[in-house]
Structures are given as structure tokens and as C-alpha cells.
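> 3D, please:
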Amino acid sequence: MRKKFVLLLVGILIIFFILIYSNSQNSIKNGKGIITLDFDDGLKSQYEIAFKEMQKYGYNGTLFLLANQTGFFEGRELMTFQEAKEMQDYGWEIGSHGMIHEFINEDNLYYQIVQSKNLLSSKGFVINSFACPKGCNESISDLRKIGEENYVTIRSLDWGENSLENYNSKKLSSKWVNNINTAEEVCNWLVDSNENNKWLILLFHGIDEKDNPNHPYDISAGNFKQILNCIDKIDMDVKTIREVLKNE
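Just a heads-up that it's a prediction; the model follows:
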């Protein structure tokens, strides 16, 4: 009888440890982090590839458009405003990335921050967020004032994650994915954010069908798909910037 009890206990322990190992090797559930899938410039590939792939998971993103730049940007085709409007209608957040892709200084401050919002608003977009193109000269005294008067959130070029307990909505950090980053590396960022109650704004530019994109800021469609699959397995909350702030 004692031998049977010991064998039963050993069997229960084995099953217990198998379940723990299985959970650690598969998905990490009940995480507390949030991921925002963020896209700069309004490139055609973001509409044709990223938007379509994210629809399969029911994910919406935040798209920052160059308000006064059409056709091509740095050799890559831009989406049309009609295509961006389709994304907004689906649930995406549209933000301003300035009128043109230039560093913001005293000379172009109003043009980049205010006029870009006005132009995008006139085309039917709901604009609450701004992302600095190439960066913003934060020593300008009027920068914060004008930004706060016109936008709910401002994404800087600061690298990192945001604490869900204490973040600055007018200086949000992000991590941008380039062609040197592997899907596994990005997945590790996601797992870490999820486990540590962080808000990770993951920034993308072009999504290239080629395995080795020519542009240093672009990633392959294959890597992008793997990243989406990682988010799905982790079971991480995917929200736009606007949606995160609505939950405050």
C-alpha cells in the first residue's frame, strides 16, 4: 500500500512539472504588458502588407502620416490618403508625422506641428497624436506648449519602453525595428515587456517582400509575420496609443 502511494505521488509530481514546463515553452498567458504597433511615414507597404496581415489577428495600429508628402519617400512608395482613411475606418489611429520629414526647429515649428494637423484633419482624419520626424529640438521653449495645445500625445525618438504606472504622454518612448533585428530578438522584447508590466511602442517603417530589404529601417515581410505570431502566442494586449490613454 505504501509503495502504491509513493508511486501515485511521484506520478502526480511528474505531471505537475510537465505542465509547468509546457507552459513556459509555449505562450506566456495573463501578462500585464501592452504593445502598440506603430508605423511611421505612411508607406505603401504598411497598407498592402502590415494592414492586411494585422487584420488576420484583429490588431489595429497607430499610423503617423507625412501630411504634405505624396508619391514617394526615400525611394519607397507612399500610400494614398484614401488608403489611410480605409485604415482609420477599420479602427486604426492616425497621427501626424509633420508636414515633411525634417527635424523640428524654431523655423518650422508651427508648420510641422500645427499645419500638419490642420491639413490631415481637413482630409477627414482624427488627429490626436504626433510623432517627431527625425526628432524634435526639445530646447525650444514653444515646442512643448504648442504640442500640448494641439495633441494629446507626442512620441519622441527616445529609445525604450513606457511604464504603465508612470509615463509621460507628451514624450513617449519606443523601440524601432530595423533590418538588422531578427524576429526572435523582437519577440524577446515583447516577452520582457509583458512580464514586467510595460507599454512597448514597437515602431516600424517599410515592410519589404524581400528577405533582405535595401532600406536600413525596413524589415522583411517574413520577419513581420513572425513578430505578429509571437504577439499572438504571448497573448499580449494590442492597443493603439489613443486606446491606451482612454484606459487611464
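> Would you mind identifying the next helix or strand past the lowest-mean-pLDDT helix or strand in the chain?
Here the helix or strand of the chain ranked lowest by mean pLDDT, DSSP states H and E is helix 2-25, holding a mean of 45. Past helix 2-25, further along toward the C-terminus, the next helix or strand under DSSP states H and E is strand 34-41.
> I'd like to know the average pLDDT value across the helix or strand following that next one.
As assigned by DSSP H and E, the chain's next helix or strand after strand 34-41 is helix 44-45. Here helix 44-45 scores 98 as its mean pLDDT.
> Tell me the confidence at the closest residue to I49 other than its chain neighbours?
Spatial nearest neighbour of I49, chain neighbours left out: I207 (4.3 Å); criterion: CB to CB, 6 or more residues apart in numbering. To be clear about C-beta, it is placed using only N, CA and C from the backbone, and glycine gets the same treatment. Listed pLDDT for I207 reads 97.
> isn't there a helix covering R144?
Yes. Applying DSSP: H, G, I helix; E, B strand; the rest coil, one finds R144 inside a helix.
> show me what contacts it?
138, 170 (CB atoms under 8 Å, 6 or more residues apart in numbering).
> do I201 as well
36, 38, 62, 155, 162, 172-175, 241.
> can you do 10 Å?
34-38, 62, 131, 155, 160-162, 172-176, 193, 241, 244 (CB atoms under 10 Å, 6 or more residues apart in numbering).
> next helix or strand past the helix or strand where it lies?
Take DSSP H and E as the rule and I201 turns out to sit in strand 198-204. Under the assignment DSSP H and E, the closest C-terminal helix or strand after strand 198-204 is strand 207-208.
> Tell me how far the residue most central in space within the chain lies from I201.
Centroid-nearest residue in the chain, with CA atoms, centre = their mean: L37, separated by 2.3 Å. The gap separating L37 from I201 is 8 Å, by CB to CB, to the nearest Å.
> What count of nearby residues applies to the closest residue to L78 other than its chain neighbours?
The shortest distance from L78 to any residue other than its chain neighbours is 5.4 Å, reached at G42 (CB to CB, 6+ apart). Using other CB atoms under 10 Å, G42 has 24 other residues around it.
> Surely G42 and K85 touch.
No. Contact criterion CB atoms under 10 Å: G42 and K85 do not qualify, at 11.4 Å.
> who touches both of those two?
79, 94.
> For the residue nearest to the centre of the chain, which residues are in contact?
Here L37 is in contact with 50, 54, 59-63, 92, 200-204, 224, 227-228, 231, 238-240 (CB under 10 Å, 6+ apart).
> So which of those are in helices?
Counted as lying in helices by DSSP state H, out of those, are 54, 224, 227-228, 231.
> which regions of this protein lie under the pLDDT threshold?
Applying pLDDT under 70 to the chain flags the ranges 1-31, 247-248.
> Mind doing that once more with 80?
For the chain, applying pLDDT under 80 flags the ranges 1-31, 135-142, 247-248.
> returning to what we had before: distance check, the residue nearest to L78 against E209.
From G42 to E209 the distance is 18 Å (CB to CB).
> again, but for A183
Counting by CB to CB, the gap from A183 to E209 is 16 Å.
> Which of the two has more residues huddled nearby?
A183 (19 against 11).
> In space, what's closest to the more buried one - neighbours in sequence excluded?
Nearest one to A183, counting by CB to CB, 6+ apart, is Q226 at 3.6 Å.
> Number of residues surrounding the one you found?
For Q226, using other CB under 10 Å, the count is 17.
> Might one say that it is in contact with V177?
No. The pair formed by Q226 and V177 falls short of the contact definition of CB under 10 Å, at 11.3 Å.
> Include neighbour count and distance to N166 when you put the ones in helices among the contacts of L37 into TSV, please.
Formatted as TSV, the ones in helices among the contacts of L37 follow (neighbours: other CB atoms under 10 Å; distance: CB to CB, whole Å):
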residue	neighbour count	distance to N166
M54	22	29
F224	23	31
I227	26	27
L228	19	29
I231	22	24
